[in-house]
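[1] model this:
(2 chains)
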Amino acid sequence: MLSDEELVDGLRSGLAPLRPSADLIERLRERAVADQLHNQGSRPSRVGSGRAAVLRAGGRSASIALPIGATLAIFVLALALLGHGHRPAAPRQPIPVSATAVPPGFLLPTGRAEAPLAPVQKRILGAAIPRTAKLVAQAADPRGGLPWGLRSFRTTKDKTCLQVGRLQSGTIGAIGQNGAWSNDGRFHPFALSFNPPGDCAQTDRDGHAFENIAAGNTLANADIQGSSCAPGGGVPHRPACPQSALRSLTFGLLGPDAVSITYTLDGRLYTKPTGPDGAYLIVGPPMSLTCHVVDLHGHRQTTGCGSGGESISPTIVSDVIDSVTYQDGHVCQTTSPDPRLLNAACPPVGYVAPRVPHVSAVQLASPVTVKSLRLERYCVARRPGASTFRLLCDGPVPDGYRLGPNNPAYDEMLVAIAWTARVAVTTPNSLYDAEIQYPCNQGGSGAGPIPTNVRAGQRIVQHAQIPIIRCKGSYTVSVGYVPNVGPTGSEQLGEPTPGTGGSILVGQHSFNIR
Amino acid sequence: MSRCNRCALQDVLRGVSGNHDPVRAEPLDAAFERFVAAAAPALLRSAFVLTGDHADAEDLLQAALLQTLRRWSTIGSSPTGYAFRVLVNLSHDQLRAQRRQPLRASAPATVEVSAADELERVLERDAIVTAVGRLSRAQREVLACRFVLDLDVAQTARTLGLPDGTVKSHTARALSRMRELLAEDAITTGDASSEVRHAE
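    Residues are numbered from 1 along each chain as shown, chains lettered A, B, ... in the order given. Next comes the predicted model:
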């Protein structure tokens, strides 16, 4: 029987995922103006004890009765939105990117701080430790304006996280433009707890992290949350960002032994010293094509290419970087066409693996069971006719979509994978993971690693959405234990297939779909 | 600095500050936007408690905020309470309109249905949220005020226009009823399984 406190906690946490859509303010503005225009043609109506006022917009006039304050509010809001040219209701026009090209020494007015990490991210990554935060690299923007900065910090889960943004007065943040922050043109500092997911790496035994990130198309305002345009395009109801509003960012930590980095930008060769922990930051024009590359224990694997991709790896994956020089004089050339040679030439120099206890497959072995659950929620596009009308979304509801009604029939299903952890996980260096191999050579997918500590003997239930492939063949679920996740931390990357490489097989289960 | 440079600089600063429009009432607009940014998440959750449906809750929130905007200059020190009151009134209208439609009991977008959670906990939370949807309207309104908007008994009483004692009794009965509903509908992961036939 649940106590009152448990009921209330359950209610609060059950409701916590509900968040207003990102364009709420924008829609309110549109509706306010639309209401105003609509009211101009309607009969006068008395509301409260206000007195009549005459509004004039778009060349027409109408009498409505409103409290004087509300009248003023709507009037000034309508004027602000319509501008002097009587344009249709629309969000404020973005400030041109060149507007951020303030002369040296001038500062942008400061606005509200970026929102902190979502609780789920915080649970996986841990809480930021403020005293560990430091600016480790900076770079000029190719179009001028505020420079860019790279900040690193440690977390309570032994992660080293990177934040990249525009730099002002020693702190990094985003600029309110391209739809972000209502285009207020202000500098919005990033809270220390604000961090895009995936930019954290596991810290090694000596306190260093190794992480290389290449983002082909990042917004020039450094805002990743509130933009009104899509950096790579292809997002329903959001126009593709203009090239002038995009940058390519290449940044990371090469470890304490790196001393300099050589890269090519716009046909020119640069060699620059690295910062603490081998930190570097390169800002260039947007790239036309960026490939997603993952590093699976030494084997680089391209998982897809697009115009807005971001790749994360302990080894260098950027086409911009030519070489890295280490303090012992060793130079790794990153121009090798063979990924295996590249990894051999440019391993994470100085990485010290954590001490992990030896665990055998016999110690880990556990039966694995799989149950299916009806997938009851999906998202529908707010405007029918969108390129993708329905999406599965047991996760967050994407922009432009709303949660649809229950629908038990869909061509994917949710499965619950269960097993018993015979060996405890007490540090972020180890984890359990599950992978599903689809029938008929249709590939597979990971269920994601268990990011929390696990007790020995604890029953784990992991779930995953999988496509329903109707063919003669079995799905195979493999559960594995990774004693040491390696230098990446791999929160967002694929783990080695259970039973191969650095993973030890816990158990398998096969099933068919009727 | 040459005149031309100075002009350019002024243009830049005007563009950056966004304050060059003498008509726009920045403080009023900004205050309302600040209010929305701060209060919208809790109001949306409250709307969900009232409606039991995410999409309806979003629509209700938007309508309530628009009404709040229309009265913005006349609202006193508790715009959240005012907006919630509007939510409640609008939800009454909505319920009247939907009286003959079957009751929906969808759960919120449980983004934390992921590796980070054990399924049982997720299902328990969903069950609690679903149970709230089966309470009486008055009980849901009180729960939303007390535990979603975090108003105390007196504030809840003022917002809903109820005596303090009624707020307390609604709260106690709502929690008690939720316990009964959860006991009736104990959800386990196994109950939902039906579609997978094991290979063995």
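
[2] name the helices or strands packed onto the longest helix along chain B?
    Within chain B, and with DSSP state H defining each element, the longest helix by residue count is helix B:26-51. When contacts are defined as 3 or more Cβ pairs under 8 Å, 6 or more residues apart in numbering or on different chains; DSSP states H and E, helix B:26-51 sits against helix A:4-15, helix A:24-40, helix A:68-82, helix B:54-70, helix B:79-97, helix B:137-143. Where C-beta positions appear, they are placed from N, C-alpha and C, glycine not excepted.

[3] go again using 10 Å as the cut-off
    If you count contacts as 3 or more Cβ pairs under 10 Å, 6 or more residues apart in numbering or on different chains; DSSP states H and E, helix B:26-51 packs onto helix A:4-15, helix A:24-40, helix A:68-82, helix B:54-70, helix B:79-97, helix B:119-132, helix B:137-143.

[4] would you single out the least confident of those helices?
    Out of the helices and strands packed on helix B:26-51, helix A:68-82 stands lowest, with a mean of 35 (criterion: mean pLDDT).

[5] go through stretch B:151-161 and flag the buried ones.
    Neighbour-count burial for stretch B:151-161, with 16 or more other Cβ atoms under 10 Å in any protein chain shown as criterion, is recorded at B:151, B:153, B:155, B:156, B:157, B:158, B:159, B:160.

[6] output stretch A:170-190 as CSV, restricted to C-alpha atoms.
    These are the backbone C-alpha positions of stretch A:170-190, laid out as CSV (Å, rounded to 0.1, in the frame of the first residue of the first chain):
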residue,chain,number,x,y,z
GLY,A,170,34.8,34.3,-19.7
THR,A,171,31.6,32.4,-19.9
ILE,A,172,29.9,30.6,-22.8
GLY,A,173,26.4,30.7,-23.9
ALA,A,174,24.1,31.2,-26.9
ILE,A,175,22.8,34.3,-28.7
GLY,A,176,19.1,34.9,-29.0
GLN,A,177,18.6,34.8,-32.8
ASN,A,178,17.4,32.4,-35.4
GLY,A,179,14.2,32.0,-33.4
ALA,A,180,16.0,31.3,-30.2
TRP,A,181,15.0,33.4,-27.2
SER,A,182,12.5,35.3,-29.3
ASN,A,183,15.4,36.7,-31.3
ASP,A,184,16.2,39.1,-28.4
GLY,A,185,19.8,39.4,-29.5
ARG,A,186,21.0,38.9,-26.0
PHE,A,187,23.8,36.6,-24.7
HIS,A,188,22.3,33.7,-22.7
PRO,A,189,25.0,32.0,-20.6
PHE,A,190,24.9,28.3,-20.3
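
[7] tell me the buried residues in that stretch?
    Of the residues in stretch A:170-190, those buried (16+ other Cβ under 10 Å) are A:171-190.

[8] got it, and stretch A:462-471?
    By neighbour count with 16+ other Cβ under 10 Å, stretch A:462-471 contains the buried residues A:462, A:463, A:464, A:465, A:466.

[9] with stretch A:275-282 instead?
    A:275, A:277, A:278, A:279, A:280, A:281, A:282.

[10] I'd like those residues as TSV, with secondary structure appended.
    Compiled in TSV, the buried residues of stretch A:275-282 are given as follows (DSSP: H, G, I helix; E, B strand; the rest coil):
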residue	secondary structure
A:275	coil
A:277	helix
A:278	helix
A:279	strand
A:280	strand
A:281	strand
A:282	strand
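
[11] of these, closest to residue B:136?
    Of all these, the one sitting nearest residue B:136 is residue A:281; the distance, using Cβ to Cβ, is 57.9 Å.

[12] give the residue spans of chain B that score low on pLDDT.
    Filtered on pLDDT under 70, chain B yields the residue ranges B:1-29, B:55, B:93-126, B:184-200.

[13] in it, which residue sits closest to chain A?
    With Cβ to the nearest Cβ as the measure, residue B:73 is the residue of chain B nearest to chain A, at 2.5 Å.

[14] is residue A:480 in a helix, a strand, or coil?
    With three-state DSSP as the basis, residue A:480 sits in strand.

[15] keep only the buried residues of stretch A:170-190 that also lie close to chain B.
    When contact is defined as Cβ under 10 Å from any Cβ of the partner chain, these meet chain B at A:175, A:176, A:177, A:181, A:182, A:183, A:184, A:185, A:186, A:187.

[16] quick one, phi psi at the fourth one?
    The one in question is residue A:181. Dihedral pair for residue A:181: phi 50, psi 40, per degrees, to the nearest 10.
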